[in-house]
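Student: Next comes the sequence, and after it the predicted model I'd like to discuss.
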Amino acid sequence: MRSKLVAVVVALLIVPGFVHAQSGGVSADGWETRLDGAGADVNDLSFMTMGDGFHVVTGPHAIFWNSEHVASGTYTVQATFIQTQPSSHPNSFGLFIGGRDLEGADQRYTYFLIREDGQFLMKKRVGDDTPNLAGGWARHEAVNALEGGRMTNTLSVEVGDEMIRFLSNGTELGSVSSDGLDVDGIAGVRFSHDLNVHVSGFTVE
């Protein structure tokens, strides 16, 4: 009986309406957020600990990080993202590395995004500027697209001595020179709006 009750509770937590019913904002211990829009309200999103990871419902575009997740030199950041329902249109989410001044005017980081149509993008942020690192959105068979209302992808960013590799489900989607990019700093996750995503296995090694 207890196992059935636990299963029902977990199922309810994955239902978008139930998640929205929780108090808004960031409730996961040690995690912080920054919203893209100056007028955005943190209470319009939810970032909470759930099961083996955390669950994100947006809300405004935002980044999330824990200041303990700092890396430099050669390292790998990885996480598994499970989009639990379709968005209103293909909205993006993924990893960022090299975060600096995340609460200031000169926020900087390098990031790797996917979206539900099976496309990916590599970008960097310097203040308000967000140039692409290599072309625009591109489709790749290693990015699982939404199917039956859900999709699961394990994303990795591998920082080497000279190059940064961006991988989905163990397959390299692209690589760029690390020269001139922000790679030393805080690692975290980024989400666009109107998303319902579970994240597990977030590691910085």
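Tutor: That came through, no problem. For clarity, every value in this text was computed on a predicted model and none was experimentally measured.

Student: for this protein, what spans make up the helices?
Tutor: For the chain, the helices defined by DSSP state H cover 2-14, 16-21.

Student: wait, what's in contact with Leu35?
Tutor: 41-42, 45, 60-62 (Cβ atoms under 8 Å, 6 or more residues apart in numbering). C-betas here are computed from N, CA, C, even on glycine.

Student: and the gap between it and Glu103?
Tutor: 11 Å (Cβ to Cβ, to the nearest Å).

Student: Then Phe81?
Tutor: 24 Å.

Student: Which of the two has more residues huddled nearby?
Tutor: The residue with more neighbours, out of Phe81 and Glu103, is Phe81; 26 against 8, by other Cβ atoms under 10 Å.

Student: wait, isn't that one in contact with Leu146?
Tutor: No - with contact defined as Cβ atoms under 8 Å, Phe81 does not count as touching Leu146 (11.9 Å).

Student: Tell me the spacing between His69 and Gly94.
Tutor: 15 Å.

Student: Flag the shaky bits of the chain, pLDDT-wise.
Tutor: 1-23 (pLDDT under 70).

Student: I'd guessed Thr74 sits against Glu162; true?
Tutor: No - under the criterion of Cβ under 8 Å, Thr74 makes no contact with Glu162, lying 10.0 Å away.

Student: What number of neighbouring residues does Gly174 come out with?
Tutor: 17.

Student: Tell me the bridge partners for it.
Tutor: Under the criterion DSSP bridges, Gly174 forms beta bridges with Phe166.
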